[in-house]
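Novice: would you be able to build a 3D model of this:
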Amino acid sequence: MLKEVAKNILINNRKRGYQNKVKECKNAYNIWEHRQEKHPILVSGGAASEVTGRLQLFTEVVSYTQVWREADPAATAERILIFVSPKGRLAGHAVENIRRYFEAHPEINVVYGDEDEMVGRGKYGKPYFKPDWSPDTYLNAFYIGSVFACRANTYEAATAEYDNAIKMLGGTTGVKKNSPEAVGREASMLSADVLFCMLAIEERAFAKRTDTDFPIGHIGEILFHREPETDVFYGRGFHNSRHMLMKPATVSIIIPTKDHPDILFQCLKSIVNTTHEKNIRYEIVVVDNGSSAYNRVRYGSYINQIDKTGGLTNITYLYKVEAFNFSHMCNRGAVRSGGEYLLFLNDDIEATQDGWLREMLSQAQLRHVGVVGAKLLYPDTDLIQHCGITNVRLGPVHKLQKMHDQKSHYFGYNRGIHNLIGATGACLMLSREKFNEVGGFPEELPVAFNDVDLCYSVYQKGYYNVCCNHISLYHHESLSRGLDTLDLKKMERLAGEYEVLMKRHPGFYNKDPFYSKYLTDDETISAIIPCEDFTPVLDIPYHTVKVHEDGFADAREDACLRIGVEYAGTMENWMYGIRDGEVLDGYFVKGYSFVIGSDNAFFERRLVLRQVERSDEGARPASSVVYSMPVYTWYRPDIKLRLQDQIDVDLTGYKVRIASGKLSPGYYQVGMAALDQTGTLKLINWVPNLLKVK
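Specialist: Numbering: from 1, shown residues only. Prediction:
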């Protein structure tokens, strides 16, 4: 009886402590934002020494209901106008942040910031961490939202032709600023949108950039707290409109393939069946790098069955036996084609929506636009395969992959048109002129990251890349496709090609102007959500390493203990992208782990490592010695969402820091031990991931 009472006390204490920790983690953003408002002023991109001693700017806060003002002949760049929605309030240091930003960036005349929502008395939530200036995103939706600011002389210059703005609002000319006709409650939010558009035009913000700098500034901090349930886009959210071509055009569709005649036939038929534009003439170039003789005949037969209708002028079949090199195949197809625009398409793409080619082409025709991609879905589902490339800490990823498209994610990310750092080569369009300007696909990247490299190169030329998430195609890539990280050879090949990518574009490590630093930067988390853990990694203390000479002899090795390793390497590589060099800050391992069918609140987890010897057959333990260390636990709502049938999996994330010199040089296999704190159960399990210690 006493044992049962004691066990119940243990169980209740573990459950209570676990639930309190989960509650605290769910409130982490609110706690963080309150702390942010008390912090010193942030100056994005500027040096404090340059700001010191400069004339401080005078600021004036103006409601969206009063955006049209009488002309001020004395307006100068030393005066700042801050336009805010009446549906909420400015954050604590917003005015100072804006003032300091303009002081640190004399070249910037217009700026906007991030915002969140007041979700309860004194509580903040639902933050909208916005991208840096995104002209095509703005043309599709008023993502600027609740607050923006400009220099007074820029305002006066932009509104000099005020009558044109009134016409855009549907009124008549000659209406005075601040009159009821101009600023009625119905029109006030639209007025703010129109004003911002005029400011952007004044700053030539819809043109190609001269370098990587943006013409409009973005303060990537919370500047405004919206009232509950306020539409962040103020009536102009992401939509699925039909876009018109600027002029008739010719397109070359280039499709690499090998030994997939049936799949290619489906792709070709779908293109013809969904393309009926009078102003688009297109050809298809099929590039085969060595199909069997039998399949070559089948390719020819299928191609001859495709009717030349709806703008299709020709299908060319290029055959040459050579090693697989996606970049080379695409470049070869481009050279042998004649269209003004190039569309690179995987042979397992299936078009299902009429007008998709027109929509992509209408974006590619814009002079400031570089690469154009499209949303791809897994066939016969609403699961997203691709809706743009995002560059997180460990490299480019497909955010929202395998998440339902029926739901609108993170402020319309999978809706409408967005500027993003890149798009997948499975469906990628750009003009031949821009393709040639960057030298085409990099042939030193034969398998992976070649599409990303092309997108980076185009972006660095000053163009804005676009993903059309208002259209979708099926991508017959398998839902159950294995991960390269579970195959050592593939993992090493992937790491080598990523290293080539970073050497070609060294400034892109953990940098994406279209993805906030306050959004989760984990490549394995598909959801776009605020950081689950706002504690900087370098603030996590080193963990004590315990040596078990005979291993965990009393622990049962069991596959019910699941482990995911999302990173295992040096801290220098994690923080700064430095792959080789002196290890100063030790090692870092992170991921998630849980026990299937058990209450995870009862378990204490310890990361375990064992040294292994590598060979062509794989890796095997070098001895019976096992090293264990406690873990830093972090909140993983994405795991909770995926494992709704499991118990207490909110805190499945783990992070471990290991100081240099604690482990002898070599390769260590990663595993996890789970120790039941309410009983005697001890579990251990291992995964193929290795930590290399220098």
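Novice: the residue nearest the centre of the chain and I529, how far apart?
Specialist: Geometric centre of the chain, nearest residue: T390, 3.1 Å, by Cα atoms, centre = their mean. Distance from T390 to I529, counting by Cβ to Cβ, to the nearest Å: 13 Å. The way it works is simple: take the backbone N, C-alpha and C, and place the C-beta from them, glycine included.
Novice: same deal with T633?
Specialist: Counting by Cβ to Cβ, the separation of T633 from I529 is 18 Å.
Novice: number of nearby residues for the nearest residue to Y413 once chain neighbours are set aside?
Specialist: Using Cβ to Cβ, 6 or more residues apart in numbering and skipping residues adjacent in sequence, the residue nearest Y413 is I528, 5.7 Å away. Look at I528: counted by other Cβ atoms under 10 Å, it has 19 neighbours.
Novice: tell me if I'm right that I528 and L519 touch.
Specialist: Yes: counting by Cβ atoms under 8 Å, I528 does reach L519; the two are 6.0 Å apart.
Novice: sorry, back to before: any idea how far the residue nearest to Y413 lies from R100?
Specialist: Applying Cβ to Cβ, the value for I528 to R100 is 29 Å.
Novice: what do you get for P135?
Specialist: Separation of P135 from R100 (Cβ to Cβ): 26 Å.
Novice: can you pull the pLDDT of G184?
Specialist: Per-residue pLDDT puts G184 at 43.
Novice: before we move on, what about Y498?
Specialist: Per-residue pLDDT puts Y498 at 86.
Novice: quick check, it in a strand?
Specialist: No: Y498 sits outside any strand when classified using DSSP: H, G, I helix; E, B strand; the rest coil, being helix.
Novice: which SS state does H276 fall under?
Specialist: H276 ends up coil, using three-state DSSP.
Novice: pull the contacting residues for it.
Specialist: H276 sits next to G310, G311, D354 when contact means Cβ atoms under 8 Å, 6 or more residues apart in numbering.
Novice: redo the residues you listed as TSV? Include distance to I647.
Specialist: Putting those into TSV (distance: Cβ to Cβ, whole Å) gives the following:
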residue	distance to I647
G310	55
G311	57
D354	47
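Novice: can I get the buried part of those as one ChimeraX selection?
Specialist: Remark: buried members of the contacts of H276, expressed as a ChimeraX selection using 16 or more other Cβ atoms under 10 Å:
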select :310,311
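Novice: strands - which of the contacts of H276 land there?
Specialist: Assigned to strands by DSSP state E, none of the contacts of H276 qualify.
Novice: by pLDDT, give me the weakest of the contacts of H276.
Specialist: When the contacts of H276 are compared on pLDDT, G310 comes out lowest, with 90.
Novice: please report how far that one lies from F449.
Specialist: Distance from G310 to F449, counting by Cβ to Cβ: 35 Å.
Novice: helices of the stretch 451-600 of the chain, start to end?
Specialist: Ranges of helices in the stretch 451-600 of the chain, per DSSP state H, counting those that start in this stretch, are 488-504, 571-576.
Novice: can you check the stretch 301-450 of the chain too?
Specialist: 326-335, 356-364, 432-437, 450-460.
Novice: which elements pack onto the last one?
Specialist: Under the contact definition 3 or more Cβ pairs under 8 Å, 6 or more residues apart in numbering; DSSP states H and E, helix 450-460 sits against helix 326-335, strand 369-377, strand 389-392, strand 427-431, strand 464-475, helix 488-504.
Novice: which intervals of the protein have sub-threshold pLDDT?
Specialist: The model of the chain has pLDDT under 70 over residues 1, 42-56, 70-75, 77, 161-190, 478-489, 491.
Novice: report the buried residues of the longest helix seen in it.
Specialist: Taking DSSP state H as the criterion, the chain has its longest helix at helix 2-26. By 16+ other Cβ under 10 Å, the buried positions in helix 2-26 come out as I11, R14, Y18, V22, C25.
Novice: again with stretch 533-540
Specialist: Buried residues in stretch 533-540, counted by 16+ other Cβ under 10 Å: D533, V537, I540.
Novice: repeat for stretch 518-534
Specialist: Going by neighbour count (16+ other Cβ under 10 Å), the buried part of stretch 518-534 is 518-533.
Novice: residues touching E60, list them.
Specialist: Contacts of E60 by Cβ under 8 Å, 6+ apart are R79, I80, L81, I82.
Novice: show me those that map onto strands.
Specialist: R79, I80, L81, I82.
Novice: which of those residues are buried?
Specialist: Buried by 16+ other Cβ under 10 Å: R79, I80, L81, I82, out of the ones in strands among the contacts of E60.
Novice: pretty sure G333 sits against P256.
Specialist: Yes: here G333 reaches P256: they are 7.3 Å apart, a contact under Cβ under 8 Å.
Novice: mutual contacts of those two, please.
Specialist: Common neighbours of G333 and P256 (criterion: Cβ under 8 Å, 6+ apart): V287.
Novice: coming back round to it: out of the buried residues of helix 2-26, the closest to H505 would be?
Specialist: The shortest approach to H505 among those belongs to C25, at 35.3 Å (Cβ to Cβ).
Novice: so what's M118 bridging to?
Specialist: Note on M118: beta-bridge partners Y124, judged by DSSP bridges.
Novice: from D522, how far off is it?
Specialist: 28 Å.
Novice: same question, L430
Specialist: In terms of Cβ to Cβ, L430 sits 30 Å off from D522.
Novice: L343 too?
Specialist: 32 Å.
Novice: for S598, same thing?
Specialist: 25 Å.
Novice: again with P248
Specialist: The value you get for P248 to D522, if Cβ to Cβ is used, is 45 Å.
Novice: first-to-last residue distance for stretch 391-400?
Specialist: In stretch 391-400, first residue to last residue: 13 Å (Cα to Cα, to the nearest Å).
Novice: looking at it, D259 is touching S292, isn't it?
Specialist: Yes: contact criterion Cβ under 8 Å: D259 and S292 qualify, at 6.2 Å.
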